[in-house]
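Q: Would you be able to build a 3D model of this:
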Amino acid sequence: MKKSAYLSIQEVAERFGVNITTVYRLVKRGKLPAFKIGNQWRFSESQLEEWVADQVTVKWLLADEAPSLGGTGGRKKE
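A: Got it, this is the predicted structure:
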């Protein structure tokens, strides 16, 4: 049997190592690509892969542009 190109919310939560509630929250906020079939959320594997790549790229770009804090972790030296 061919593996489905679509994942359930449980499968997405397991894949990312997060709680199902976190996945629901991301979907509700429009941050995670998903669609509904009846009353069940489904996720395209290819769209999830693109989403992950975008998240990594954004974080990399932001880290590259962030100002240096001098290695103190933002804490004042005593």
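
Q: Every contact and neighbour count from this point should use C-alpha atoms.
A: Noted.

Q: Check the offset of stretch 53-66 from the chain's centre.
A: Centre-to-centre, stretch 53-66 and its host chain are 13 Å apart (Cα atoms, centre = their mean, to the nearest Å).

Q: For that stretch, buried residues please.
A: For stretch 53-66, burial by neighbour count (16 or more other Cα atoms under 10 Å) applies to no residue.

Q: Tell me which residues are up against it.
A: Where contact means Cα atoms under 8 Å, 6 or more residues apart in numbering, no residue beyond stretch 53-66 reaches it.

Q: Quick check: which element contains the residue nearest the centre of the chain?
A: Of all residues in the chain, the one closest to the mean position by Cα atoms, centre = their mean is Val52, 5.9 Å from it. For Val52, the enclosing helix or strand under DSSP states H and E is helix 45-65.

Q: would you put the C-alpha positions of that helix in PDB?
A: The C-alpha trace of helix 45-65 is given here as PDB (Å, rounded to 0.1, in the frame of the first residue of the first chain):
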ATOM      1  CA  GLU A  45       4.000  16.400   3.600                       C
ATOM      2  CA  SER A  46       5.500  18.600   0.900                       C
ATOM      3  CA  GLN A  47       4.000  21.800   2.300                       C
ATOM      4  CA  LEU A  48       5.200  20.900   5.800                       C
ATOM      5  CA  GLU A  49       8.700  20.400   4.400                       C
ATOM      6  CA  GLU A  50       8.600  23.800   2.700                       C
ATOM      7  CA  TRP A  51       7.300  25.400   5.900                       C
ATOM      8  CA  VAL A  52      10.200  23.900   7.900                       C
ATOM      9  CA  ALA A  53      12.700  25.100   5.400                       C
ATOM     10  CA  ASP A  54      11.200  28.600   5.500                       C
ATOM     11  CA  GLN A  55      11.400  28.600   9.300                       C
ATOM     12  CA  VAL A  56      15.000  27.600   9.300                       C
ATOM     13  CA  THR A  57      15.800  30.200   6.600                       C
ATOM     14  CA  VAL A  58      14.100  33.000   8.500                       C
ATOM     15  CA  LYS A  59      15.800  32.100  11.800                       C
ATOM     16  CA  TRP A  60      19.200  31.900  10.000                       C
ATOM     17  CA  LEU A  61      18.600  35.300   8.400                       C
ATOM     18  CA  LEU A  62      17.500  36.900  11.700                       C
ATOM     19  CA  ALA A  63      20.400  35.500  13.600                       C
ATOM     20  CA  ASP A  64      22.800  36.900  10.900                       C
ATOM     21  CA  GLU A  65      21.300  40.400  11.300                       C
END
